[in-house]
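Engineer: Okay, here's the prediction I keep looking at, along with the sequence it came from:
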Amino acid sequence: MNALLRAEALKLRTLRTPWALLGLVAVISAGLISLVGILSGTRGNPSLGRGNLPDLLSVPAMLTCGIVLVLAILSSAGEFRTGTISGSLLVTPRRERFLAGKVVAAALLGLIFAVTALLSTYAATVVVVLARDLPVDLVSPGAARTVLGMAVAAGLMGAAGAALGIAVRSQTIAVVAALVWWFVLEGVIPGLVREPELAKYLPIAALGSLAHAGSPTASGAFGPGTGALLLTGYVAALVLAGTAMLRRRDVN
Amino acid sequence: MTTIALRGLTKRYGDVLAVNDLHAELAPGRVTGFLGPNGAGKTTTLRMLLGLVTPTAGTALIDGTPYRELDRPTRRVGAVLEAGGFHPGRSGRSSLMVYAVAARLPTRRVDAVLAQVGLTDAAHRRFGGYSLGMRQRLGLAAALLGEPDVLVLDEPTNGLDPQGVRWLRGFIRSYAAAGGTVLVSSHLLAELAQTVDDVLIINRGRLVEHASLAELTTGTTSLEERFLELTDEGARS
């Protein structure tokens, strides 16, 4: 498994897209925090207080998780688009092992993106707080929960993307399906089935609970622990589906 | 010394019987040409042998073991399946490094095989910028990474210039002379006639001939004439 992980890491390191997206996450994270800090207390925007560090750190959480999801899909479904799947399976013909390597590598990729986003966010927070003399505490117990929640959330999104890409094979279809679920279906399904309570059980709601673990739980949402369990269940189901599809599929 | 055995190998796609009850045994130290018209089932057969396509019935074995169950398969079998198969944005050397790392092969093998196929100077160029001939050479380099006993080559001369074809011919002959087993599919019958010891011909998924080149081309009959004769008979039946 160690060799497989190193090979998957090498695949990502030797392409431009992962580096470009990692840079994008760092820049956007810093930019969002700068904007929040600059606008704080102006034109009716709420002022930042002492305990807002966890909220600030989790500002880029969902965006980071979304980027990790898309990158993991592109990486795994890209094996089929470029034809590298044949070479990969010739080296690792036991398909469950191959998929396990891809899923774990994508989870670690998510972790790296989360750490990058957090470091960038924290650096920008320090600069803005000092520059504007804002009353935000730069050390807070809630921040550790945000860091942990965001790291786990991004890791799970990486795993989900890798499994989804292998199951669907088409980069376009997999990315569009994921985004349509995220931005459209998850919002309308509870209304369609007339079960508003269903909303908190859905995967992106669970992701939100986990990624904002250091902030107060939103009304009608699960706490981060339950969110983590739910999201793990969804990811496990995707990995099982991906494994089943890859095992029975011919690679022509 | 590794043998390849195909036992009742069959593949059905819906109503289409792509490969039908194929039996053959390939001996070590010999080059076997795998021939057949377009759509005869050659590529499907090779992919079944390599565990990429699951047979509907029968088995394909490398020294008695299916490819998917081989321990460290790249040390046993090297394959060239298509001129693509590498990420266009990754350099030739990085592409091979990925396979070497996954297969737990020493990374010095990457530079060795790049030199062997004459791609050292282009090693750091992106695969997307390679010519068809360079792509074939990189595919061959990947196949040779694990110093395997068996080579499976699907149309390896596609895109190669005459020097490349001659180099490949010499390479295949010396590989077999050292005890390697080679299975090579190609449409270039005149070229194959200079390279192979044995010939396996399929038509519409069925084996129509498995013989040595010498047996097949007795007297003045060329490989091309015999091939057309056999596949025309198959087409009429």
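Structural biologist: Structure received.

Engineer: how deep is whatever residue of chain B ends up closest to chain A tucked in, by neighbour count?
Structural biologist: Nearest residue of chain B to chain A: residue B:102, at 3.5 Å (C-beta to the nearest C-beta). Every residue, glycine included, has its C-beta placed from N, CA and C. If you count neighbours by other C-beta atoms under 10 Å in any protein chain shown, residue B:102 ends up with 24.

Engineer: Would you confirm that it contacts residue A:90?
Structural biologist: No. With contact defined as C-beta atoms under 8 Å, residue B:102 does not count as touching residue A:90 (9.9 Å).

Engineer: just for chain A, where's the confidence low?
Structural biologist: Screening chain A residue by residue with the criterion pLDDT under 70, one finds the ranges A:1.

Engineer: again, 90 this time
Structural biologist: Within chain A, the set of residues satisfying pLDDT under 90 comprises A:1, A:37-52, A:132-137, A:139-142, A:193-197, A:199, A:212-223, A:252.

Engineer: Name the residue closest to the centre of the chain, please.
Structural biologist: You didn't say which chain, so I picked chain A. By C-alpha atoms, centre = their mean, chain A has its centre lying nearest to residue A:65, at 2.1 Å.

Engineer: The chain in question should be chain B.
Structural biologist: residue B:153 (1.7 Å).

Engineer: quick one: that residue is in a helix?
Structural biologist: No. Remark: residue B:153 does not belong to a helix; assigned using DSSP: H, G, I helix; E, B strand; the rest coil, it is strand.

Engineer: ok, and the closest non-adjacent residue to it?
Structural biologist: Nearest residue to residue B:153, sequence neighbours excluded (C-beta to C-beta, 6 or more residues apart in numbering or on different chains): residue B:184, at 4.4 Å.

Engineer: Would you map out the domains in chain B?
Structural biologist: Split into domains by automatic domain parsing, chain B comes to B:4-76+B:151-236, B:84-147.

Engineer: Now do the contacts for the residue of chain B closest to chain A.
Structural biologist: A:3-4, A:6-7, A:88, A:91-92 (C-beta atoms under 8 Å, 6 or more residues apart in numbering or on different chains).

Engineer: Repeat that for residue A:128.
Structural biologist: Contacts of residue A:128 by C-beta under 8 Å, 6+ apart are A:33-34, A:36-38, A:134.

Engineer: likewise residue A:67?
Structural biologist: So residue A:67 contacts A:21, A:24-25, A:113 (C-beta under 8 Å, 6+ apart).

Engineer: next one: residue A:236
Structural biologist: With contact set as C-beta under 8 Å, 6+ apart, residue A:236 has no partners.

Engineer: Could you check which helix or strand contains residue B:88?
Structural biologist: Of the helices and strands defined by DSSP states H and E, none includes residue B:88.

Engineer: which non-adjacent residue is nearest it?
Structural biologist: In this structure, residue B:88 finds its nearest non-sequential neighbour in residue B:128, 3.1 Å apart by C-beta to C-beta, 6+ apart.

Engineer: Test my guess that the one you found contacts residue B:89.
Structural biologist: Yes. Using C-beta under 8 Å, residue B:128 makes contact with residue B:89 at a distance of 6.4 Å.

Engineer: what touches both of those two?
Structural biologist: With C-beta under 8 Å, 6+ apart, residue B:128 and residue B:89 have no common neighbours.

Engineer: Tell me how many other residues surround residue 91.
Structural biologist: Defaulting to chain A. Residue A:91: 24 surrounding residues under other C-beta under 10 Å.

Engineer: The chain in question should be chain B.
Structural biologist: Residue B:91: 20 neighbours (other C-beta under 10 Å).

Engineer: swap in the one 5 residues further on?
Structural biologist: Around residue B:96 there are 27 other residues, counting by other C-beta under 10 Å.

Engineer: Taking chain A, what residue is nearest to chain B?
Structural biologist: residue A:7 (3.5 Å).

Engineer: Let me know the pLDDT of the nearest residue to that residue once chain neighbours are set aside.
Structural biologist: Using C-beta to C-beta, 6+ apart and skipping the chain neighbours, the partner closest in space to residue A:7 is residue B:102 (3.5 Å). pLDDT recorded at residue B:102 is 96.

Engineer: Got phi/psi on residue B:102?
Structural biologist: Note on residue B:102: backbone dihedrals following degrees, to the nearest 10 are phi -60, psi -40.

Engineer: For residue B:70, see how far away it is.
Structural biologist: Distance from residue B:102 to residue B:70, counting by C-beta to C-beta, to the nearest Å: 14 Å.

Engineer: same check, this time on residue B:77
Structural biologist: As for residue B:77, its distance to residue B:70 is 7 Å (criterion: C-beta to C-beta).

Engineer: Show me the common contact partners of those two, please.
Structural biologist: residue B:62.

Engineer: who has more neighbours, those two?
Structural biologist: residue B:77 (26 against 17).

Engineer: Surely residue B:19 is in contact with residue B:44?
Structural biologist: Yes. At 5.3 Å, residue B:19 counts as touching residue B:44 under the criterion of C-beta under 8 Å.

Engineer: which other residues reach the longest helix seen in chain B?
Structural biologist: Across chain B, the helix with the greatest residue count (assigned by DSSP state H) is helix B:162-177. By C-beta under 8 Å, 6+ apart, the list of residues contacting helix B:162-177 from outside reads B:29-31, B:118, B:133, B:136-137, B:140, B:151, B:153, B:156-157, B:160, B:182, B:184, B:191, B:194-195, B:197.
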